[in-house]
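# I'd like to go over a predicted model; first the sequence, then the structure.
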Amino acid sequence: MSIPQSGGGPIERREQLAEYLSDGCKPREDWRIGTEHEKFGYCKDTLLPIPYEGERSVLAVLEGLRDGHGWEPILEGGNLIGLQKDGANVSLEPGGQLELSGAPLETIHQTCDEVNTHLVDVKDIADKVGVGFIGLGAAPEWTHEQMPLMPKGRYKLMDAYMQKVGSMGRVMMRRTCTVQVNLDFGSEADMVQKMRVAIALQPVATALFANSPFFEGKPNGHKSWRSRVWRDLDPARTGMIPFIFEDGFGFERWVDYALDVPMYFVYRDGEYIDALGQSFRDFLEGKLPALPGETPTLSDWADHLTTAFPEARVKKYIEMRGADGGPWRRLCALPALWVGLMYDQTALDAAWDMVKDWDAETREAWRVEASVMGLQAVVGGRRMLDLAGEVLAIAREGLRARAKPGAGGMVPDERHFLHALEDSVTDHKVPADELLERYQGEWNGDLSRIYEEFAY
């Protein structure tokens, strides 16, 4: 989840809210790729989650990265809660999951180099302090009580509020991990087309990256339990947001949506002020109960935009949010999928042609079935396996057309980053299927084997 945003000064006109979003428009040559991934840390001897403090802890890993790999500290209330370097951030999710928010980079080759360097550095520190990290969509065994809440004011507020608006908000906070990619848009019309394709096809990403078939020590009946969790979190800020397919959707309509998302907090002087359930519309009029008489800044607006959690969302870029955290190889596959679909106009048009006639019920049905069945999902007689194959073919052509070479020109483009996903379609298996086969076969129901065999 986000660190405090730097959006700008006082909001004096409502139009500034949409202008803040439209300021993200960039010419194609300036489009970049920002990849984020989360991972669970655990103590190697006990296989329990690592706490914030102690010899084997999140703090020990952050301090090791700071002292040994040149990262600058980010503090809150005197606690080390993140790091920054070269446009990238390392931050803490609520249950101690470690997140890399990568720098905006030009190619997936660069993104993969960044991911590889980060995971090597994390493993270097983790091995020294006796901890491990694993990429999964949901914690396979740990209970809520075993997962520590990190010392961040935002999380303390959210933790209390989540119990009032859905049944799985606290599960999401402590016991899920994702990988996502952030992409640019060139204009309002480009944003609209990309958001519509992004929302419609998030279930394909959910299916291809499904990697959370266990929860509290046993199979949970879903290929992506993480996706199931998000379906019962808070309907005011999650979901497939069907309004984006309506005529007239654009920056202003996204502003209307975000204004209707209840607030969590206001960040002032290093402190999170409780504004749970309050209205940003009231804030604009100086009537926010948490800060009576005060009006917001663009930084407040930027913070508020980070508290809407649909399957894809608009800030000054678009975030793709439908995939489970996963193994090393797939961390580069997610940006390859979406860059291939989004950064070549022919590919984007082809993707839109594929989904433009779907109605809201169809899109939601794909979302539900993808979480349960993965690539074996079927909606309206159409197989996810076939849909995913068509989507990957479009993405492959988009990456070929981009023609971004790597390895000093030895690799002509970025298509090879899709191989892991293409293998899934060929084999009819995603990571969740492999995990279930191991659990039911050679592991003989011993889920502790997952740490040894699937850790980074």
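It's in.

# might one say that G70 is in contact with Q84?
No - judged on C-beta atoms under 8 Å, G70 makes no contact with Q84 at a distance of 10.7 Å. Just so you know, the C-beta spots here come from the backbone N, C-alpha and C atoms, and that holds for glycine as well.

# more neighbours: which of these two?
Shown here are G70 and Q84; by other C-beta atoms under 10 Å, Q84 has more neighbours (16 against 11).

# A365 belongs to a helix, doesn't it?
Yes - per DSSP: H, G, I helix; E, B strand; the rest coil, A365 lies within a helix segment.

# what is the neighbour count of it?
17.

# what do you get for P10?
11.

# what bridges to it?
T297 (DSSP bridges).

# how far away is it from T297?
5 Å (C-beta to C-beta, to the nearest Å).

# also L385?
48 Å.

# with adjacent residues omitted, what lies nearest to S224?
Leaving out its chain neighbours, the residue that sits closest to S224 by C-beta to C-beta, 6 or more residues apart in numbering is A210, at 4.0 Å.

# what about the one you found, distance to G322?
Taking C-beta to C-beta, one finds A210 at 10 Å from G322.

# can you check G374 too?
Relative to G322, and taking C-beta to C-beta, G374 is found at 13 Å.

# check E390 too.
17 Å.

# where do the helices sit along the stretch 251-400 of the chain?
251-260, 280-284, 298-305, 328-331, 333-342, 345-355, 360-373, 384-402 (DSSP state H, counting those that start in this stretch).

# most packed of those?
Ranked by mean neighbour count, those are led by helix 333-342 with a mean of 28 (mean count of other C-beta atoms under 10 Å).

# what sits against L418?
333, 336-337, 340, 392, 395-396, 399 (C-beta atoms under 8 Å, 6 or more residues apart in numbering).

# distance check, it against S424.
10 Å.

# endpoints of stretch 252-267, how far apart?
24 Å (C-alpha to C-alpha, to the nearest Å).

# residue contacts, the residue nearest to the spatial centre of the chain?
The chain has Q180 as the residue nearest its centroid, 3.9 Å off, counting by C-alpha atoms, centre = their mean. Neighbouring residues of Q180 by C-beta under 8 Å, 6+ apart: 35-37, 319-321, 323, 334.

# the spatially closest residue to R170 that is not a sequence neighbour in helix, strand or coil?
Using C-beta to C-beta, 6+ apart and skipping residues adjacent in sequence, the residue nearest R170 is M162, 5.0 Å away. Secondary structure assignment for M162 (three-state DSSP): helix.

# so for M162, what's the pLDDT?
pLDDT recorded at M162 is 95.

# what's the local residue count around it?
19.

# repeat that for G77.
11.

# so it versus D269, what's the distance?
For G77, the distance to D269 - C-beta to C-beta - is 11 Å.

# and G325, by the same measure?
For G325, the distance to D269 - C-beta to C-beta - is 34 Å.

# more neighbours: which of these two?
With neighbours defined as other C-beta under 10 Å, G325 and D269 compare such that G325 has more, 27 against 5.

# next one, pLDDT for the residue nearest to the more buried one when sequence neighbours are not counted please.
Leaving aside its sequence neighbours, G325 sits nearest to C177 (C-beta to C-beta, 6+ apart; 3.3 Å). The model reports C177 with a pLDDT of 98.

# residue contacts, C177?
Taking C-beta under 8 Å, 6+ apart, one finds 37-40, 93, 97, 135-138, 226, 324-325 in contact with C177.

# what's the closest of those residues to D303?
Set against D303, the nearest of the contacts of C177 by C-beta to C-beta is E93 (17.0 Å).

# what sits against the closest one?
E93 neighbours (C-beta under 8 Å, 6+ apart): 1, 38, 99, 150, 173, 177.

# from L288, how far out is it?
In terms of C-beta to C-beta, E93 sits 27 Å off from L288.

# verify the stated contact: D282 with L288.
Yes - D282 lies in contact with L288 (C-beta under 8 Å); the separation is 5.2 Å.

# show me where the stretch 151-300 of the chain has its strands.
Assigned by DSSP state E, counting those that start in this stretch, the stretch 151-300 of the chain shows strands spanning 178-183, 214-215, 218-219, 238-239, 265-268, 271-274.

# what's the most buried one of the ones you listed?
By mean count of other C-beta under 10 Å, the strands of the stretch 151-300 of the chain have strand 178-183 as the most buried, with a mean of 25.

# not counting sequence-adjacent ones, nearest residue to the residue sitting furthest away from the middle of the chain?
The C-alpha centroid of the chain is most remote from G293, which lies 35.3 Å away (C-alpha atoms, centre = their mean). Once flanking residues are discounted, G293 sits nearest to G286: 5.4 Å by C-beta to C-beta, 6+ apart.

# state the number of residues packed around the one you found.
12.

# ok, it to F245 distance?
For G286 relative to F245 (C-beta to C-beta), the value is 35 Å.

# next one: L435
L435 is 35 Å from F245, by C-beta to C-beta.

# ok, those two, which is more surrounded?
L435 (24 against 19).

# where does that one land in three-state SS?
Note that with three-state DSSP, the state of L435 is helix.

# how about it: what's its closest non-neighbour residue?
According to C-beta to C-beta, 6+ apart, the nearest residue to L435 is P213 (5.6 Å).

# was I right to think that neighbour contacts E434?
No - the criterion here is C-beta under 8 Å, and P213 misses it with E434 at 9.6 Å.

# from the chain's centroid, how far away is stretch 418-430?
21 Å (C-alpha atoms, centre = their mean, to the nearest Å).

# should've said stretch 404-411
28 Å.

# kindly check the end-to-end length of it for me.
9 Å.

# quick one: contacts for G340?
Contacts of G340 (C-beta under 8 Å, 6+ apart): 347, 394-399, 402, 414-415, 418.
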